[in-house]
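Asks: Sequence first, then the predicted structure, then my questions.
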Amino acid sequence: MEWRQPQTGGMLVLIFIIITLPLLLDNNFHYEIAIKVCLNAAVCVGLNLLIGYAGQISLGHAGFFALGAYASAILTDRYGLAPMMAMLTGVIGVGLLSFVIARPILKLKGHYLAMGTLGMGIIISIVLNQEADFTGGPDGMSVGSLSIFGWEPVTELHWYWIVATFLVVCVGLSLNLINSPVGRALRAVHGSEIAARTMGIDTTRYKVLVFVVSAVLACIAGSLYAHYNGYITPSRANFFHSIELVTMVVLGGMASTFGAVVGAMVLTVVPQFLTVFEDYEMMVFGGVLMGMMIFMRKGLVPTLKEAIGKRFNDPD
Amino acid sequence: MFAEFLQYLISGVTVGAIYGLVGLGFSIIFNSSQVINFAQGEFVMIGGMATVSLISAGIPMPLAMLGAVAITTIIGVLIEKFCIEPSRNAPVVTLIIITIGASIFLRGMAEVIWDRNFHSLAPISGDTPINIGGAMLLPQSIWIVGSLVAVVIALWYFFNRTLMGKAMLATSYNRLAAQLVGIQVRSILLLSFVLSSALGAFAGILIAPIAMTYSTVGIMLGLKGFSAAIVGGLGNPMGAIIGGLIVGIAEAMTAGYISSAYKDAVAFIIILGVLFFMPNGLFGQKMVEKV
């Protein structure tokens, strides 16, 4: 009964870590990593709702991330929109797009769904690469700074608070959704969609809902990333980025909101150390991916939870 | 006008045959294990790269090609033994990520052993084009299409006339029943990886003289081969080949008449179109979900 876990406790721990973390971060490079962890984690929390809870894989979420980023870049730069307005427009656009494609795409199952979402992501990536008049093509384009009702984040610490707040909101949203009737319906879909439908659950509606929520979270994260980074290239939309996101979710542990956060943290921080190996970076990354999935199939957080549970609880 | 069309058709069929060969690899592995092997594209890359380096080591071309296929097959076997077999009962998402991990690992390894440069390979029988109705036909294209036909005939014979092939088909229809009549399901799984990696390497060697070979060549070739397999209906070997030809020809026509910039998108647009209207591909069996 994993949904009876004290989720509020986990939330408090997360907030505690976020508040105390700046004490340990002592240069801009550390902040940069922390900010990237928060953004990736936010995307993964959304993606985990789709993959972990509803059991629907997506190999194309980098596309939504990049659309959010480019919406901010293009609307502020070429059309002079205020950053918050641009972000909102991006959210509405991606929300509509994901809503329209959700129905036909979520009708697919298993490998076909993987291929459908993958195709969608690659088409977005190709469009971003080719429409150079708008997007600057493969070289990318620069993005102006964010401004929230006149206030502009300048230091890395400002940015840290913005993305950390965004992450906490995402986690809160996810936990709420999971513990609501929607969450129970989703778990039923994951278990057996036909059985769920027999019980009177409108499975399509819930799958579409989660697809749109996860796409919108990825879109907002992309928009924040674009403003923070000040530059965006179509590589953020590519297949490999989508894979990275899915891997974070699976590595941390599917159907575990905090697992998604941990997975995002590990896979954002570890590659920073792998650069020491330079040429061997890809080999190590691929090897870790295989090894983790073969030997720790459930992912980090559920495996650890089980190990700790065994030690402290009576063995049942 | 007609010469132009013929030219696009020739290049479409050539590249489509390669997609078909790669798609065939996806189908064979999927049939015996229900696994989509995302490292299939890396087999293609290793086939091409290994041939280039064996030739530069002074080994004559036919031997180098055989050697490259052998090397790729060994890698395929290792992947099956150490990645797929220990995860027999893992969910689909986990298996997808394992094979993606394998593909990243192999790509990284290729960059360590070889390099990130583009390598060319000499065509099998020269590069003097043959003029057909105003269109240019490269001898290599004939080799590619001829090889595809040979592979199709060989596979047909294998699946329909040999005990091993029939055992493989039986396993794909019903694993448990196959096991009950004494078929070694594990060796069938291994065999499917042997076949697929050899086919992949073969495709990689054939396409290298036309499209060069490099460490990341497998990404797009693999994904398009996957598209071919899906268009034709996963698990249907002939479907994969027809799917490959459809994707290849559509791609060449788009590049010729519409826009070469969006050539790479064609395969994926076809995929979405086919999947939206025929969720099991053109020739796929209808899947029935059991509760």
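Replies: It's in. Values in this document were obtained by computation on a predicted structure and should not be read as measured data.

Asks: Which parts of the chain are helices?
Replies: Using chain A. Ranges of helices in chain A, per DSSP state H, are A:7-24, A:28-48, A:61-77, A:83-106, A:110-130, A:132-135, A:156-178, A:181-191, A:193-198, A:203-229, A:239-252, A:257-274, A:281-295, A:300-312.

Asks: actually chain B
Replies: Here chain B has its helices, by DSSP H, at B:2-33, B:40-56, B:61-79, B:92-113, B:139-161, B:163-173, B:175-180, B:185-211, B:217-231, B:237-253, B:263-277.

Asks: Dump the ones you listed to CSV, plus distance to chain A and mean neighbour count.
Replies: In short, each C-beta sits where N, CA and C put it, glycine included. Shown next, in CSV, are these (distance: least, C-beta to the nearest C-beta, whole Å; neighbours: other C-beta atoms under 10 Å in any protein chain shown):
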stretch, distance to chain A, mean neighbour count
helix B:2-33, 8, 24
helix B:40-56, 10, 26
helix B:61-79, 9, 19
helix B:92-113, 3, 22
helix B:139-161, 22, 16
helix B:163-173, 15, 16
helix B:175-180, 17, 13
helix B:185-211, 15, 24
helix B:217-231, 5, 28
helix B:237-253, 12, 24
helix B:263-277, 4, 20
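
Asks: Dump those helices to a markdown table, plus distance to A:Ala82 and mean pLDDT.
Replies: As requested, those are exported to a markdown table (distance: least, C-beta to C-beta, whole Å; pLDDT from 0 to 100):
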| stretch | distance to A:Ala82 | mean pLDDT |
| --- | --- | --- |
| helix B:2-33 | 47 | 92 |
| helix B:40-56 | 44 | 95 |
| helix B:61-79 | 52 | 95 |
| helix B:92-113 | 40 | 89 |
| helix B:139-161 | 55 | 93 |
| helix B:163-173 | 58 | 89 |
| helix B:175-180 | 59 | 89 |
| helix B:185-211 | 47 | 92 |
| helix B:217-231 | 39 | 90 |
| helix B:237-253 | 42 | 93 |
| helix B:263-277 | 33 | 87 |
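
Asks: Contact distance from chain B - what residues of the stretch 1-150 of chain A qualify?
Replies: Residues of the stretch 1-150 of chain A found near chain B (C-beta under 8 Å from any C-beta of the partner chain) are A:51, A:57, A:59, A:104-105, A:107-112, A:114-116, A:118-120, A:122-123, A:126-127, A:130.

Asks: Can you go through these and name the buried ones?
Replies: Listed as buried from the residues of the stretch 1-150 of chain A next to chain B are A:51, A:57, A:59, A:105, A:108-112, A:114-116, A:118-120, A:122-123, A:126-127, A:130; burial here means 16 or more other C-beta atoms under 10 Å in any protein chain shown.

Asks: Between the helices of chain B, which one is closest to A:Met248.
Replies: With C-beta to C-beta as the measure, helix B:92-113 is the member of the helices of chain B nearest A:Met248 (10.6 Å).

Asks: Now do that closest one against helix A:281-295, angle only.
Replies: If you take axes from the mean of the first three to the mean of the last three C-alpha atoms, to 10 degrees, helix B:92-113 sits at 150 degrees to helix A:281-295.

Asks: name the helices or strands packed onto helix B:92-113?
Replies: helix A:110-130, helix A:239-252, helix A:281-295, helix B:40-56, helix B:61-79, helix B:217-231 (3 or more C-beta pairs under 8 Å, 6 or more residues apart in numbering or on different chains; DSSP states H and E).

Asks: which parts of the shortest one are buried?
Replies: What that stands for is helix A:239-252. Neighbour-count burial for helix A:239-252 flags A:239, A:241-252 (criterion: 16+ other C-beta under 10 Å).

Asks: Quick one: distance of stretch B:31-51 to the chain centre.
Replies: 7 Å (C-alpha atoms, centre = their mean, to the nearest Å).

Asks: just the CA coordinates of that stretch, formatted as CSV?
Replies: C-alpha atoms of stretch B:31-51 as CSV (Å, rounded to 0.1, in the frame of the first residue of the first chain):
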residue,chain,number,x,y,z
ASN,B,31,8.8,-11.7,-32.5
SER,B,32,10.8,-13.9,-30.3
SER,B,33,11.0,-11.7,-27.2
GLN,B,34,8.5,-8.8,-27.4
VAL,B,35,11.4,-6.5,-27.0
ILE,B,36,12.1,-3.4,-29.2
ASN,B,37,15.8,-3.3,-29.5
PHE,B,38,16.7,0.4,-29.7
ALA,B,39,20.4,-0.7,-30.2
GLN,B,40,19.5,-2.0,-33.7
GLY,B,41,20.8,1.2,-35.3
GLU,B,42,24.1,0.7,-33.5
PHE,B,43,24.5,-2.7,-35.2
VAL,B,44,24.2,-0.8,-38.5
MET,B,45,26.9,1.6,-37.4
ILE,B,46,29.3,-1.1,-36.1
GLY,B,47,28.9,-3.0,-39.3
GLY,B,48,30.0,0.0,-41.4
MET,B,49,32.7,1.2,-39.0
ALA,B,50,34.2,-2.2,-38.5
THR,B,51,34.4,-2.8,-42.2
